[in-house]
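Asks: dropping the sequence and predicted coords here.
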Amino acid sequence: MHSSVISAVLLGSLSLLPTVSSTDATTYAPDDPSGATLAGSMVTTDCESDAPWISFDVVLTGGTVEEATAPVSLILDDGVNTTSVPLGSLQDYRLSGRVLWPGASVDDEGRGTGWPGWEFRDGTWTATDAGFAWTRGDIAATLRVNPDLAVPVAYPASTPDCATSPNGVRDAAVAALPATGGSASGQIALAVAAVGAFVAGALLVLQRRRHRRA
């Protein structure tokens with residue numbers, strides 16, 4: 001009789017315990033502990049030997065073992081056009097180096113021989129809207145590994161010591177193309193005409209003042 005009472009008590013206690021269905025066990029998922037970040041990574045641009053370069057230092061923190069050698073790319077976008085610039089693969093979660101700007105080229109000595117937005121036609125460099133010309137304007141840039149990181153990037157401007165356009169032509173010539181549809185030579189001609197008109201006007205004013213005094 002005592003054993004029957006004890007068994008009844010145990011069975012009653014077990015019936016009060018919470019149950020876990022097979023569905024609950026298979027659908028439960030723990031929070032993702034991954035905290036991978038590219039914080040501290042940097043991208044800069046500069047001109048060297050008349051060639052535009054992109055320098056980078058990429059650091060992946062908190063990544064998995066598989067991500068230690070993940071490929072890295074730089075995505076350039078202007079809202080209409082997009083291009084992906086391969087930078088290489090991480091080595092032990094890090095990658096540094098430099099690559100030419102899209103559309104640029106150099107000779108065997110590393111001197112610039114081609115620039116985005118310019119074509120060599122009939123012995124003359126001509127501004128064009130092809131050849132990655134859009135990358136010289138207002139663009140957004142993203143380092144892509146996993147995760148991504150937005151970075152500030154802009155085409156390097158020409159300086160007195162280094163030209164990022166053929167023959168030292170300034171970037172304004174290319175920047176004017178989308179708005180006017182003209183060529184670089186056309187923009188220069190307009191500028192010369194404007195200066196000539198100003199000088200002519202100044203001379204006319206001086207002549208009138210001399211006549212009045214006389």
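Replies: It's in. Residues are numbered from 1 along each chain as shown.
Asks: start and end of stretch 112-130, how far apart?
Replies: Looking at stretch 112-130, the gap from its leading to its trailing residue is 18 Å under the measure CA to CA, to the nearest Å.
Asks: how many neighbours does the nearest residue to residue 128 once chain neighbours are set aside have?
Replies: Counting by CB to CB, 6 or more residues apart in numbering, residue 119 is the residue found nearest to residue 128 once chain neighbours are left out, at 5.0 Å. Every C-beta, even on glycine, is put in place using the N, C-alpha and C of the backbone. With neighbours defined by other CB atoms under 10 Å, the count for residue 119 comes to 15.
Asks: ditto for the one 5 residues further on
Replies: Residues near residue 124, counting by other CB under 10 Å, number 11.
Asks: look up how far residue 163 lies from it.
Replies: 16 Å (CB to CB, to the nearest Å).
Asks: in this structure, what residue spans correspond to helices?
Replies: Under the criterion DSSP state H, the chain contains helices at 2-15, 22-27, 172-175, 177-180, 184-213.
Asks: by mean pLDDT, which helix or strand of this structure comes out lowest?
Replies: The element with the least model confidence among the helices and strands of the chain, by mean pLDDT, DSSP states H and E, is helix 22-27, at a mean of 40.
Asks: pLDDT below threshold where in this protein?
Replies: Screening the chain residue by residue with the criterion pLDDT under 70, one finds the ranges 1-34, 168-214.
Asks: repeat that with 90
Replies: 1-35, 63, 66, 121-123, 146, 167-214 (pLDDT under 90).
Asks: now the strands for it?
Replies: Secondary structure of the chain (DSSP state E): strands at 42-48, 51-59, 71-77, 82-89, 94-100, 105-106, 112-114, 118-121, 124-127, 140-144, 148-151.
Asks: single out the most deeply packed of those strands.
Replies: For the strands of the chain, the largest average neighbour count (mean count of other CB atoms under 10 Å) is found in strand 51-59, namely a mean of 20.
Asks: just checking, what packs against that one?
Replies: Using 3 or more CB pairs under 8 Å, 6 or more residues apart in numbering; DSSP states H and E as the contact definition, the elements that strand 51-59 packs against are strand 42-48, strand 71-77, strand 82-89, strand 94-100.
Asks: how about the CA coordinates for that strand, as CSV?
Replies: Taking only C-alpha atoms (Å, rounded to 0.1, in the frame of the first residue of the first chain), the coordinates of strand 51-59 have been written out as CSV:
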residue,chain,number,x,y,z
ALA,A,51,49.2,57.9,-62.5
PRO,A,52,46.2,57.7,-60.1
TRP,A,53,46.5,55.1,-57.4
ILE,A,54,44.3,53.6,-54.8
SER,A,55,46.1,52.5,-51.6
PHE,A,56,44.4,50.4,-49.0
ASP,A,57,44.8,48.8,-45.5
VAL,A,58,42.1,46.3,-44.7
VAL,A,59,41.7,44.7,-41.3
